[in-house]
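S.K.: what follows is a predicted protein model with its sequence.
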Amino acid sequence: VYTTPKQGFAGKEFEYDFAENPTAQFLRVKINNAESGGDAVICEITPYSETGERLDISHYFVDLNPDFFKNTDERIQYITNKGMIANLGLDWGHNLVSGMEPQFKRIAEYINARYGAYPVMWYTAGEAGKGPRKVWVEIAQHMDEIDAYNHVNTIHNDVSNPNYIQDTEDLSWHDVNYTQLGHDVYPDETTYWTKIYNYEPVTPFIEGEAYFENIHGLESYITREAYWKSVMAGGVGFCYSAEGLWQATYDFNDRWQLWGTSPIPWFSALFKEAGAQLPNMKKFMEDINWWELVPDKDAVVWDNAPVGLASPFQKRNEDSSTIIAYVPSNTYSYSGVAKLRPDSSFTAKWYNTRMGEYTLISSNIKTDRSGTWTIPSAPDYSDWALVITLNAINTEASKAISFDRISVDQPYNVTNKLNYIYKTADGADVTWESSNNNVVDSKSGEVKQTDKEEKVRLVAKITTNKGTDYKVFTLTIPAKESDDAQTGNDE
């Protein structure tokens, strides 16, 4: 059946009578763009009975057609040869209807058998939340169970971004949270992503769909800033795409799934600005031990910084010997104070996210006992990254110090008294300093909870006859429970 829809059907559904079908079944067709006067796009064709019941079409999925996958074979082989990993899903979430679960599990088994030996990852379904999400979770679990190669397994989220504990108690299949911010500009992306980073149980996240370049006419810098912000907020990766790439636009006349004013073929979309600048972030991260860094809103205290879209954010390693920060584009300059290792020497550099080039701030920054250093304003109002790294310390002193016993159990939930050591196994002297002795006492180790969560910086100063070194801990002391919570009283 073919029909040319007229204007007025946008966002609506209508039924078309199968003139040649004696059972008088109906076809529901969903159309986009007709009302706007643009090219109408049929985005759904679903058969219904004359009583309005959706027809079971599962019997059409009997014999899989291997020839269908030949083109996919070539694409996956090409990606593999380029040293990349193919990310494979079975279908869009909304295409799974009641009664088709066994067929989709069967397709999962076939895809696993055909491509499991390749370096791939499974994302199960696109925007699974727009369909029966719990059923998709069952299919993802099944894919994980039959995968002999133990590939990374996940689900492509819709914008609700669940962590799936609502759907199943067993999350062993869920290796990474594949999130979707979407394509409408979010008022505060960093807060959004740090919330996902802090989901329990702890699961790494990759931003899988956010601000495809030039989709809806979005400017390229918005996409560039999105991938920097997501990684600074704790993401382990970012899925880049662009208008023309995500829908594989064939040529300048292909208007299928057009989300812009005119088609952009894939071979042109490959060379968009933000896409070309994405390797600059990779280079920046590879220049440091990026895997040691965690998001920390307290590692830098910004002065008069903007909030929302232009809000800066930062990460640090355990002993604050490395801090990186990202400063989005803005209309005015501002500075901040970084909390670094005390009595140490650092090098600080600005990094041009557009050009992939460093600008030296200083190679001889000296911190005092407070460990603080004032960050100058960025070179201009564009977006910049900042890296502050510890200069080479007295290597002889470092070799003479045993760090293994200088530790704090569960530094993110400190409630009990700390048992300080004052001499290492190799004879080095250890003294302790606290940024807040009213909460964590540097002499006795006593911990006092207050009515709010507290962050305390605890520094172990280790001294030998060959020099001095430091180990820094950032402790989190939770708020004390109320009297009612402790006694179990309810009002």
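M.R.: Arrived safely.

S.K.: residue 246 and residue 171, how far apart?
M.R.: 28 Å (C-beta to C-beta, to the nearest Å). The way it works is simple: take the backbone N, C-alpha and C, and place the C-beta from them, glycine included.

S.K.: do residue 433 as well
M.R.: Taken as C-beta to C-beta, the span from residue 433 to residue 171 is 41 Å.

S.K.: so which helix or strand takes in residue 462?
M.R.: strand 454-464 (DSSP states H and E).

S.K.: packing partners of that strand?
M.R.: strand 429-434, strand 467-477 (3 or more C-beta pairs under 8 Å, 6 or more residues apart in numbering; DSSP states H and E).

S.K.: what's the closest of those strands to residue 386?
M.R.: strand 467-477 (19.2 Å; C-beta to C-beta).

S.K.: count the residues that sit near the closest residue in space to residue 145 that isn't next to it in sequence.
M.R.: Leaving aside its sequence neighbours, residue 145 sits nearest to residue 173 (C-beta to C-beta, 6 or more residues apart in numbering; 7.8 Å). The number of residues packed near residue 173 is 21, by other C-beta atoms under 10 Å.

S.K.: contact partners for residue 173?
M.R.: 140-141, 143-145, 153 (C-beta atoms under 8 Å, 6 or more residues apart in numbering).

S.K.: all strands for the stretch 201-350 of the chain, in order.
M.R.: 205-210, 237-238, 294-295, 300-303, 313-316, 322-327, 335-339, 345-352 (DSSP state E, counting those that start in this stretch).

S.K.: the last one - what's its average pLDDT?
M.R.: Going back to what we said before, that points to strand 345-352. In this model, strand 345-352 has a mean pLDDT of 96.

S.K.: what pLDDT does residue 416 get?
M.R.: So, for residue 416, pLDDT stands at 87.

S.K.: surely it meets residue 448?
M.R.: No - look at residue 416 against residue 448 with C-beta atoms under 8 Å: they stay out of range, at 11.5 Å.

S.K.: so those two - more neighbours on which side?
M.R.: Neighbour count, other C-beta under 10 Å: between residue 416 and residue 448, residue 448 has more, with 14 against 11.

S.K.: what's the spacing between the more buried one and residue 440?
M.R.: According to C-beta to C-beta, residue 448 stands 8 Å off from residue 440.

S.K.: if we can go back for a sec, next, the angle from the strand holding residue 462 to strand 467-477.
M.R.: For strand 454-464 against strand 467-477, the angle by axes from the mean of the first three to the mean of the last three C-alpha atoms, to 10 degrees is 160 degrees.

S.K.: give me the spatial nearest neighbour of residue 441, chain neighbours excluded.
M.R.: Going by C-beta to C-beta, 6+ apart, residue 441 has residue 434 as its nearest residue, at 6.7 Å.

S.K.: what is the neighbour count of that neighbour?
M.R.: Using other C-beta under 10 Å, residue 434 has 19 neighbouring residues.

S.K.: just residue 49 next, same as before
M.R.: Neighbour number of residue 49 under other C-beta under 10 Å is 13.

S.K.: run through the chain and note the low-pLDDT ranges.
M.R.: 1-46, 57-62, 392-410, 412, 482-491 (pLDDT under 70).

S.K.: now for the nearest residue to residue 253 once chain neighbours are set aside: which residues touch it?
M.R.: Leaving aside its chain neighbours, residue 253 sits nearest to residue 263 (6.8 Å; criterion: C-beta to C-beta, 6+ apart). Counting by C-beta under 8 Å, 6+ apart, residue 263 touches 244, 249, 251-255.

S.K.: so residue 263 versus residue 209, what's the distance?
M.R.: 21 Å.

S.K.: and what of residue 277?
M.R.: 19 Å.

S.K.: with residue 49 instead?
M.R.: Residue 49 is 35 Å from residue 209, by C-beta to C-beta.

S.K.: do the same with residue 189
M.R.: Residue 189 is 13 Å from residue 209, by C-beta to C-beta.

S.K.: can you give me the helices in the chain?
M.R.: Along the chain, counting by DSSP state H, helices occupy 70-81, 101-115, 133-146, 189-197, 220-232, 266-269, 273-286, 395-399, 483-487.

S.K.: may I have stretch 150-168 as PDB, with CA atoms only?
M.R.: Taking Å, rounded to 0.1, in the frame of the first residue of the first chain, the C-alpha atoms of stretch 150-168 are listed here in PDB:
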ATOM      1  CA  ASN A 150      32.300 -11.700  27.900                       C
ATOM      2  CA  HIS A 151      31.900  -8.500  25.800                       C
ATOM      3  CA  VAL A 152      30.800  -5.300  27.400                       C
ATOM      4  CA  ASN A 153      27.000  -5.400  27.700                       C
ATOM      5  CA  THR A 154      24.600  -2.600  28.300                       C
ATOM      6  CA  ILE A 155      21.300  -1.000  27.100                       C
ATOM      7  CA  HIS A 156      21.000   2.300  25.100                       C
ATOM      8  CA  ASN A 157      19.000   4.500  27.500                       C
ATOM      9  CA  ASP A 158      16.300   6.900  26.700                       C
ATOM     10  CA  VAL A 159      16.400  10.300  28.300                       C
ATOM     11  CA  SER A 160      15.000   8.900  31.600                       C
ATOM     12  CA  ASN A 161      18.400   7.200  32.200                       C
ATOM     13  CA  PRO A 162      17.400   4.600  34.700                       C
ATOM     14  CA  ASN A 163      20.000   2.400  36.500                       C
ATOM     15  CA  TYR A 164      17.700  -0.600  36.100                       C
ATOM     16  CA  ILE A 165      17.500  -1.600  39.800                       C
ATOM     17  CA  GLN A 166      13.800  -0.900  39.400                       C
ATOM     18  CA  ASP A 167      13.700  -3.800  36.800                       C
ATOM     19  CA  THR A 168      15.900  -6.500  38.300                       C
END
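
S.K.: pull the distance from it to the chain's centre.
M.R.: 13 Å (C-alpha atoms, centre = their mean, to the nearest Å).

S.K.: for stretch 213-232, same thing?
M.R.: So, by C-alpha atoms, centre = their mean, the centroid of stretch 213-232 is 13 Å from its chain's centroid.
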